[in-house]
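Attaching a predicted model along with its sequence, questions to come.
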Amino acid sequence: SYVLAYDYDRVVQALGEGASEDKRTERGRAYLEKIVQLQIPLPITFVEEMSRLLLAELTPLQQELRFPENFQDIERYKDLIKLLAARVIETPRDVKRLVGIFHVLGGMLSPEVAWIDLLAYSALMTKAPGTVTKIRSNPEAFCEDFFDAMTFAEAFADQIEERELPLTERLSKLIPPGENNEGVRNLIGFLFPSLSDHPRPVEEYSDALCRRRPLLTTLRLGLLPGSYSKADILSLVTKEPDEIAQSLTAAYDNNTLGPLIDYLDNLYSGLVDIDHVRFWKGVAGFLRKPDCLWMTSFRPMYYVIQNFARILLSAVVQNESFRPVAATVFINLRKADEDVLTAAWLRTHIFVHGLFGNEKRGDEAAFLTSEETETCAREMSITLQEKHLAGELIPCRWELNPVYTMLEMGIWGDPCRKQLNEVLADDRALDGFTLMLYGGTITTEKATVGKMCSYDAYIKRVTERLQLPTIKTADPSVREALRKALNPHLPLPLVDR
């Protein structure tokens, strides 16, 4: 007689190799029963036990991987651990393997990628390697930001029918049959909001795995491809501001902005001898919307702004000497009344310092103090409030960062709501505003929209707009955004080319 100890599921999968995916488990189980007649499974483990075991294994890594203090109290961490312990991690061996993979990835990629997302990705590598292979072979099917209009347009056109499919059918094309279980589906939804039952608003941190740069960094372990040379980047950062803006505009028009941002992000923390203020003035010139006309089709400039803003934040994390450099850049741009990049950096600092009722996050990327952040946010908000009341704010922007800050500070009051309510009577304003709320993979919570304007009146206008004959001539991205406004939890566009 012999006593065998083995991982049942893995042995079944190995023994079933050669059969079709839908019959592999059945074949493996039958084969195993011939080998081992008396099978005694280990006692089940409870969610609380697995959660405590995960915490015990992760705590020794806190200092090395720079987890924030009391990381176990972060809501997103608790959501992930609950998901892992209930549906994904089944044995102490799973815990050991997961934490081992996470330790390696975290050491290589922190702080380039959100550590909680890396932990979730490590779980995928542990329990769903076939799904990870799918992600590696087609990352565009999972990432949720675009750097050029053509990529978005192609993705949108290719997926018109796909978006109407139930989420389970969409996931079945991305998850191999042997791994398509509730735990893996929930884990995918946790990492990639557009592939979940309840897509959450775009996260305010830019290192989430659902974003293009962190995802590609993870898949390639920090080594990114690109069509730009180091000499190209060095030439760019030393140009005059107007020339920088023109070069970036050309890259956007030629659909090569993504590789440029990737390589610039990779090199920037080492560029200590350039004129940083001059460079960022050039970037700001490119990011500034050239007119005050409402958008009539979705343009992915929101993602571009977020990724450029992240380059400076990432440099601060990687190179301590960049902290005063970043502060100098910020101060000079604000003196020039720049309110795109500075608004994005303020949003990050509001979250870093936990201001205005937000949950406090790690402060590694901070180059402004809490007091400086609050003062700058208040000054900018008061200035932009006046612009809004004059009708010169929202249509003049690609994104709503300063509006969110005004909402949190209580500066967006009844006069601001009234002005927006009146403007939305115009179809073009309604279309443009909706693109900012729901265009592309962006989604916005109902409560947030209700603070900006009358939610009931807005939804009534959206419903009326979709019923008008003129909606047929609107850009498809407008129709999609309006449709999503009526039900923000409908499946978001899936990119799978």
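Great, that's in hand. All values reported here derive from a predicted model rather than from experimental measurement.

Quick one: find the helix or strand in this structure with the lowest mean pLDDT.
For the chain, scoring each helix and strand by mean pLDDT, DSSP states H and E identifies helix 149-158 as the least confident one, at a mean of 53.

Show the subsequent helix or strand relative to it.
On the C-terminal side of helix 149-158, the nearest following helix or strand under DSSP states H and E is helix 167-172.

can I assume M295 is in contact with A429?
No: counting by CB atoms under 8 Å, no contact exists between M295 and A429, whose distance comes to 10.2 Å. C-beta: built from backbone N, CA, C; applies to glycine.

what's in contact with stretch 418-430?
When contacts are defined by CB atoms under 8 Å, 6 or more residues apart in numbering, stretch 418-430 is touched by residues 294, 296, 388-389, 391, 394-395, 433, 452-454, 457-458, 461-462, 465, 468, 470.

what distance separates the start and the end of it?
15 Å (CA to CA, to the nearest Å).

Would you indicate which residues of that stretch are buried?
Residues 419-420, 423-424, 427, 429-430 are the ones in stretch 418-430 that count as buried (16 or more other CB atoms under 10 Å).

what's the closest of these to V317?
Nearest to V317 among those, counting by CB to CB, is L420 at 36.6 Å.

any chance you could read off phi and psi for the closest one?
L420 has phi and psi values of phi -70, psi -40 when expressed as degrees, to the nearest 10.

ditto for E17
Per-residue torsions, E17: phi -60, psi 140 (degrees, to the nearest 10).

Could you check how far the closest residue to it other than its chain neighbours is from A14?
Leaving out its chain neighbours, the residue that sits closest to E17 by CB to CB, 6 or more residues apart in numbering is R24, at 7.1 Å. Here R24 is placed at a distance of 10 Å from A14 (CB to CB, to the nearest Å).

now A231
As judged by CB to CB, A231 and A14 stand 50 Å apart.

which of those two has more neighbours?
For the pair A231 and A14, the greater number of neighbours falls to A14 (14 against 8), based on other CB atoms under 10 Å.

what number of residues lie near the nearest residue to the more buried one once chain neighbours are set aside?
Computed as CB to CB, 6+ apart, the closest residue to A14 that is not its neighbour in sequence is G28, at 7.0 Å. Neighbour count of G28, defined by other CB under 10 Å: 22.

May I ask you to confirm that G28 is in contact with E21?
No: the criterion here is CB under 8 Å, and G28 misses it with E21 at 11.7 Å.

Helices of the stretch 351-497 of the chain, residue ranges please.
Counting by DSSP state H, counting those that start in this stretch, the segments of the stretch 351-497 of the chain that form helices are 370-389, 401-409, 414-423, 427-438, 446-452, 455-467, 476-486.

Could I get the full set of helices for the stretch 201-350 of the chain?
Using DSSP H, counting those that start in this stretch, helices in the stretch 201-350 of the chain cover 212-219, 230-237, 241-253, 257-267, 276-287, 301-318, 322-335, 341-353.

Identify whichever of these lies nearest to I101.
Judged by CB to CB, the one of these that comes nearest to I101 is helix 212-219, at 11.8 Å.
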